[in-house]
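Asker: just need the structure, nothing else, for what follows:
(2 chains)
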Amino acid sequence: MNTAESQVKAVNKPAAKTKTKRKWKRWAIHLFPIPALAIYGLFIVYPILAAFTYSLFDWNGLVRGAFIGLENFQALFTLEPYKELFWNAFQHNILYFVGQLIAQNGLAFILAFIIYKKIKGAEFFKIAFFMPRLLSIIVVGFLWKLILNPNFGALNVILGKFGLESLQKAWLGDPDTALIAIILVNSWFGLGFAVLIFLAGMQSIPHELIEAATLDGAKGWKMMSKIIIPLMMPAITIITVLTFIQSFEAFELVYAMQGSQGEPYHSTDTLAIYFYRLAFGGSSGGGSSAIGLGSALAVVLFLFISVFTAILLYFMRKKEVEM
Amino acid sequence: MKQNIWTRPLYYVIAFVVASISLYPLFLMIMSSFKPSNEIFMNPLSLPKSFSLEPYRNLLEQVPFMTYFYNSVVVSVTAVLLILICGSLAAFYIARYTFWWNNALFFFFLMGMMIPIKLGIVPLFILMKDLGLTNSLWSLIFIYTATGIPLSILILTGFFRTMPIELEEAARIDGATDLRILWNVLLPLMRPALGTVMIINFIQAWNDFFFPLIFISNEMKKTIPVGMLSLFGEYSADWGALFAGLTLSSLPMMILFFIASKQFMEGLTAGAIK
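Answerer: Residues are numbered from 1 along each chain as shown, chains lettered A, B, ... in the order given. This next block holds a predicted model:
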């Protein structure tokens, strides 16, 4: 609408109507954030807040019963089998985190550094490392379940071809190897993403800094520990925090490969799997209070993740240097 | 920096070995999807003797894969559209106006990136049930829209802030409304940011397994990832069909990746780096 036209319209209309219209125009802008707020508020904020209140009630199936204060939390930490299952799963989550830090992030750091050093085919390697990330995590789980199958799986067949029959194993059927196998599969999935973040961190270091350090005689490990790592601390912080959150939410891969019981014998059980069982699985949850207990577990896990993420961020941010 | 003569070759060896480990399982998956089950059991590693389509025929007979596919497309596309609409409206408001509550509003949205929403799944499930949305694709569309909004607002707000204010002032003098400014002036200039938001959320919605596992039990409303669960649950002996299912599930994403690998890699990391 051009100015002349709008002037003509203004003249033609009664003054009061124009005023309300202009007022409406000014207020209309406040409608802009409403759709986002409504959807985000209803499906993210409300459920998380509700989980806190759910944990304070007795539950009969999906029907809420009496207010029982902290009894669900008490049961979770003092009654068997809840107590044992909780600590068992908690240990696995910690192992998951540490395992990912080493197998995924450690290796990703080395690979990022190799690409940073401008090897030929860098683009190919980036794509290759990243490819697994495109699959749905459930596809990753099922694919590796087939590969790790003791009889027909590719891994044992390959080991056989190299005369390494002694290493052949029922990788997912043995409590000693099942969790490690899952952690390695998760690392296979997440490796390329970590490489890209590390690489972005390294590439953001100004060239003059590296050159100046080289002139000052810094090389090898000294260059790495005094220049490169401190200057890419933001990238390291991000990856560590994401790995932490993801490790303590670990669900899909375990579910796909070892089912909702964390087979064999709960040796791959994680807190999220245990939570799923309590809330939806019933069988080892224990009848009527399952939703209450499940919500209590969700609250504990939520608080643990939030507090620990905050601590992690605080200490790692301290190590970050200003450029 | 002076280097040992072995350093460079060692770099290549490491990169090559890891790249093989990254790619081989995918190669094996695609290759095995052209082998009938008994051939997989006899020669798991060899190339298919004749590229057989039998596994794909079996797959389509055993599960309604085309229905899964259709559902996945409907859910992902609708969710991405809703995210773009809601996200750009809210980001425009946050970035281009300076009401005193705008910072708080921005922070409120950003909080969503730190919330592990899986932990609210019980109230969420009951909410969906009360709304009559369980076993409806809308349950998935809404939850993916909701989970996608925080990061999209972060990315789009950042982008809106980089755009010169003069752009919209001219339009405002001509009497254009906010909606018109957003739609006709700003959004056409924001293709890169919109593309990033699209890619991140499309992958998220297409690949998600957790929410349909909880919300959807009707076979005809399943998306591909939960459809795979039905396939592996009931037909676990037919490995040819299993590999065909896995391949077909991953194919759309791989094709998109080959068309725009750079945008994919930049898009997915953009969220983390910001």
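
Asker: going by C-alpha atoms from here, please, whenever you check contacts or count neighbours.
Answerer: Noted.

Asker: what pLDDT does the model give the residue of the stretch 151-300 of chain A found nearest chain B?
Answerer: Taking C-alpha to the nearest C-alpha, chain B has its nearest neighbour within the stretch 151-300 of chain A at A:Ala298, 5.2 Å off. A:Ala298 carries a pLDDT score of 93 in this model.

Asker: if you skip the residues just before and after it, what's nearest to it?
Answerer: Computed as C-alpha to C-alpha, 6 or more residues apart in numbering or on different chains, the closest residue to A:Ala298 that is not its neighbour in sequence is B:Leu119, at 5.2 Å.

Asker: mind listing what that neighbour touches?
Answerer: If a contact means C-alpha atoms under 8 Å, 6 or more residues apart in numbering or on different chains, then B:Leu119 has A:Ile48, A:Ala51, A:Ser295, A:Ala298, A:Val299, A:Leu301, A:Phe302 as its contacts.

Asker: okay, those residues in CSV with neighbour count next?
Answerer: Shown next, in CSV, are these (neighbours: other C-alpha atoms under 10 Å in any protein chain shown):
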residue, neighbour count
A:Ile48, 25
A:Ala51, 25
A:Ser295, 31
A:Ala298, 27
A:Val299, 22
A:Leu301, 20
A:Phe302, 23
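
Asker: can you lay out these as JSON lines showing secondary structure?
Answerer: Shown next, in JSON lines, are the contacts of B:Leu119 (DSSP: H, G, I helix; E, B strand; the rest coil):
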{"residue": "A:Ile48", "secondary structure": "helix"}
{"residue": "A:Ala51", "secondary structure": "helix"}
{"residue": "A:Ser295", "secondary structure": "helix"}
{"residue": "A:Ala298", "secondary structure": "helix"}
{"residue": "A:Val299", "secondary structure": "helix"}
{"residue": "A:Leu301", "secondary structure": "helix"}
{"residue": "A:Phe302", "secondary structure": "helix"}
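
Asker: for whatever residue of the stretch 51-200 of chain B ends up closest to chain A, which non-adjacent residue is closest in space?
Answerer: Residue of the stretch 51-200 of chain B nearest chain A, by C-alpha to the nearest C-alpha: B:Ala90 (4.1 Å). Distances taken as C-alpha to C-alpha, 6+ apart place A:Pro33 nearest to B:Ala90, at 4.1 Å, with adjacent residues excluded.

Asker: who are the contact partners of the one you found?
Answerer: B:Cys86, B:Leu89, B:Ala90, B:Ala91, B:Tyr93.

Asker: go on, A:Val157?
Answerer: B:Pro44, B:Leu45.

Asker: same thing with A:Val45?
Answerer: Here A:Val45 is in contact with B:Gly112 (C-alpha under 8 Å, 6+ apart).

Asker: quick check: residues of the stretch 51-200 of chain A near chain B?
Answerer: When proximity is defined by C-alpha under 8 Å from any C-alpha of the partner chain, the stretch 51-200 of chain A lies next to chain B at A:51, A:54, A:62, A:111, A:114, A:119, A:125, A:127-132, A:134-139, A:142-143, A:147, A:152-154, A:157, A:188, A:193, A:196-197.

Asker: which elements pack onto the lengthiest helix in chain B?
Answerer: As assigned by DSSP state H, the longest helix anywhere in chain B is helix B:65-96. Secondary-structure packing of helix B:65-96 (3 or more C-alpha pairs under 8 Å, 6 or more residues apart in numbering or on different chains; DSSP states H and E): helix A:34-40, helix B:102-114, helix B:137-161, helix B:191-207, helix B:224-234.

Asker: centroid residue for chain B?
Answerer: Closest to where the C-alpha atoms of chain B average out (C-alpha atoms, centre = their mean) is B:Ile203, at 1.2 Å.

Asker: what's the distance between that residue and B:Ser136?
Answerer: Per C-alpha to C-alpha, to the nearest Å, B:Ile203 is found 20 Å from B:Ser136.

Asker: over to A:Gln261?
Answerer: Taking C-alpha to C-alpha as the measure, A:Gln261 falls 28 Å from B:Ser136.

Asker: likewise B:Glu219?
Answerer: If you measure B:Glu219 against B:Ser136 using C-alpha to C-alpha, the figure is 11 Å.

Asker: who's more crowded, those two?
Answerer: B:Ser136 (18 against 15; other C-alpha atoms under 10 Å in any protein chain shown).

Asker: show me the strands in chain A, by range?
Answerer: Ranges of strands in chain A, per DSSP state E, are A:57-60, A:63-67.

Asker: ok, the first one: who's next to it in the sheet?
Answerer: If I follow you right, that is strand A:57-60. strand A:63-67 (antiparallel) (DSSP bridges).

Asker: I'd like the distance from the partner strand to the chain centre, please.
Answerer: Distance of strand A:63-67 from the chain centroid (C-alpha atoms, centre = their mean, to the nearest Å) equals 32 Å.

Asker: go on, stretch B:252-267?
Answerer: Centroid displacement of stretch B:252-267 relative to its chain, using C-alpha atoms, centre = their mean, is 11 Å.

Asker: circling back to that earlier point, which stretch among the helices and strands packed on helix B:65-96 is buried most, on average?
Answerer: Most buried of the helices and strands packed on helix B:65-96 by mean neighbour count (mean count of other C-alpha atoms under 10 Å in any protein chain shown) is helix B:137-161; its value is a mean of 23.

Asker: quick one: mean pLDDT over that one.
Answerer: Here helix B:137-161 scores 94 as its mean pLDDT.

Asker: quick one: the next helix or strand after that helix to helix B:65-96, angle?
Answerer: As assigned by DSSP states H and E, the chain's next helix or strand after helix B:137-161 is helix B:166-173. Relative orientation of helix B:166-173 versus helix B:65-96 (axes from the mean of the first three to the mean of the last three C-alpha atoms, to 10 degrees): 80 degrees.

Asker: who touches helix B:166-173?
Answerer: Contacts for helix B:166-173 (C-alpha under 8 Å, 6+ apart): B:Ile181, B:Val185, B:Leu186.

Asker: got it, and stretch A:182-192?
Answerer: Contacts of stretch A:182-192 (C-alpha under 8 Å, 6+ apart): A:96, A:99-100, A:103-105, A:107-108, A:126-133, A:137, A:140-141, A:144, A:253-254, A:257, B:22.

Asker: ok, back up a step: off-centre distance for the longest helix of chain B?
Answerer: The answer for helix B:65-96 is 11 Å, by C-alpha atoms, centre = their mean.

Asker: what angle do that helix and helix B:137-161 make?
Answerer: Using the same axes, to 10 degrees: helix B:65-96 against helix B:137-161 is 30 degrees.

Asker: enumerate the positions of helix B:65-96 that are buried.
Answerer: Within helix B:65-96, the residues scored as buried using 16 or more other C-alpha atoms under 10 Å in any protein chain shown are B:65, B:67-69, B:71-80, B:82-84, B:86-95.

Asker: quick one: low-confidence ranges for chain B?
Answerer: Applying pLDDT under 70 to chain B flags residues B:1-3, B:271-274.

Asker: let me redo that: chain A
Answerer: Residue ranges of chain A with pLDDT under 70: A:1-25, A:282-289, A:321-323.

Asker: now with 80, please.
Answerer: For chain A, the stretches flagged by pLDDT under 80 are A:1-26, A:60-63, A:165, A:217-220, A:281-289, A:319-323.

Asker: and the contacts of stretch A:167-174?
Answerer: Identification of contacts with stretch A:167-174 by C-alpha under 8 Å, 6+ apart yields A:145, A:148-150, A:156, A:159-160, A:177-179, A:181, A:257-258, A:263-264.

Asker: what's the most distant pair in the residues you listed?
Answerer: Greatest spatial distance among those (C-alpha to C-alpha): A:Gly160 and A:Glu263, at 25.9 Å.

Asker: and the residue of the stretch 101-250 of chain A closest to chain B?
Answerer: A:Ser136 (4.3 Å).

Asker: quick one: residues contacting that residue.
Answerer: A:Ser136 makes contact with B:Trp206, B:Asn207, B:Asp208, B:Phe209, B:Pro225, B:Ser250, according to C-alpha under 8 Å, 6+ apart.
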